[in-house]
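**Q** Please work out how this folds:
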Amino acid sequence: MNKLAHVLAGGMLVLAATGCGKENYLYVQDEPVKIDRSFPVKEVKGSSKVDIVWVIDNSGSMGEYQNQVISNANAFMQDFIKQKLDWKMGLISTDESDLPYAGFARSPKLDSSVTNAVDVFADAVDRLGTSGSAVEETFKPILRAFQDDTAFLRPNTPLAVIMVTDAEEQSRMPAPMFMSRLNGLTQGRNLFTYGVFASEDFGCRSDEGEWNYAGSPYEAFIKSAVVGQTFPLCNDFGTSLVNIAHDIVTRISHTAIYLTSRPDTSTLKVLYQGNPLQSGPVETGGYWVYDYRLNAVVFNNLDFSLNENDSVQVVFEEQQ
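**A** Numbering: from 1, shown residues only. Below you'll find the model as predicted:
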């Protein structure tokens, strides 16, 4: 028998015949994927603004969880209020036929200028209720909300999407199609995604039946974002909300470049006008450090830049 070669994703499998009908397999790993991207300095600067969209399941099984959102609304808002951020929030349900409940056109205003924002948000969640469609869709309502209110998303403002549901995504729309349409509406801005799910692989049981986050459309969406985090719906909900709020505040206030894959840090370089920028703390003359938790290049300052229209270049090989 001749040797057969099969090219597989992530490497090459060579199938070689030996005597007595036995076959040996030799795996040859491809070279590491090299990432090389440029970012305008003006887009790297930390921001005090963030747009936030909540998508909360309003089917019949969500009463307990909605009550937890309401009771922890104040804890969620505190980071935004303390930091005096310019935030804006919208609330929609998983029922595609519903109009938005807060933040969008034809619904109560919900942003940093609202003095009783916690009450407005809690009231909106209460009105959302549990009589929504048994077909729980997240992707379609998000697209519809942005299409119907083109003024919701502010220019040059990061977007955070928080999804709270005990059911799998049922929009009958492939995740790549949703992400492509969303990217067209958001124009490629930094996207932070947070999923609070009652999936079986998160240790939760749901009246909606057994489903797993792993391999789901939700996983594909969350992994495609600049930042993606997940939390079990059946665990301490208050702590989860506080962690989400803190993470959003931390990310938007940093002067940073968020990486979409984990780098081999020994290969990570930041270049300005083709020359490497020194890494390390500012005390040693460094301009940037790599933050593992944020998976980001965080700048101590941007004093190296002569013009905000200049670009910095991030080069690294993906971690194997």
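**Q** Phe76 should be in a helix, yeah?
**A** Yes. Counting by DSSP: H, G, I helix; E, B strand; the rest coil, Phe76 is found in a helix.
**Q** Does it touch Ala245 like I think?
**A** Yes. At 4.9 Å, Phe76 and Ala245 qualify as touching, with contact defined as CB atoms under 8 Å. Bear in mind the C-beta positions are built from the backbone N, C-alpha and C, glycine included.
**Q** what about the residue nearest to Ser107 when sequence neighbours are not counted, distance to Pro141?
**A** Spatial nearest neighbour of Ser107, excluding adjacent residues (CB to CB, 6 or more residues apart in numbering): Pro100 at 4.5 Å. Going from Pro100 to Pro141 by CB to CB, to the nearest Å gives 9 Å.
**Q** Which of those two has more residues huddled nearby?
**A** When Pro100 and Pro141 are compared for neighbours, Pro100 comes out ahead with 24 against 21, by other CB atoms under 10 Å.
**Q** Quickly list what's touching both of Pro100 and Pro141.
**A** Counting by CB atoms under 8 Å, 6 or more residues apart in numbering, the residues touching both Pro100 and Pro141 are Ile92.
**Q** Outline the domain layout of this protein.
**A** Annotated domains of the chain cover 1-30, 34-44+256-317, 49-253 [automatic domain parsing].
**Q** Return the most buried member of those.
**A** Greatest average neighbour count among those goes to domain 49-253 (a mean of 18), per mean count of other CB atoms under 10 Å.
**Q** pLDDT of it, averaged?
**A** Mean per-residue pLDDT for domain 49-253: 93.
**Q** contacting residues for the spatially closest residue to Thr250 that is not a sequence neighbour?
**A** Computed as CB to CB, 6+ apart, the closest residue to Thr250 that is not its neighbour in sequence is Leu294, at 7.3 Å. Contact partners of Leu294, counting by CB under 8 Å, 6+ apart, are Val227, Thr250, Arg251, His254, Ala256, Tyr258.
**Q** On the pLDDT front, check Leu294 for me.
**A** If you check Leu294, the pLDDT there is 79.
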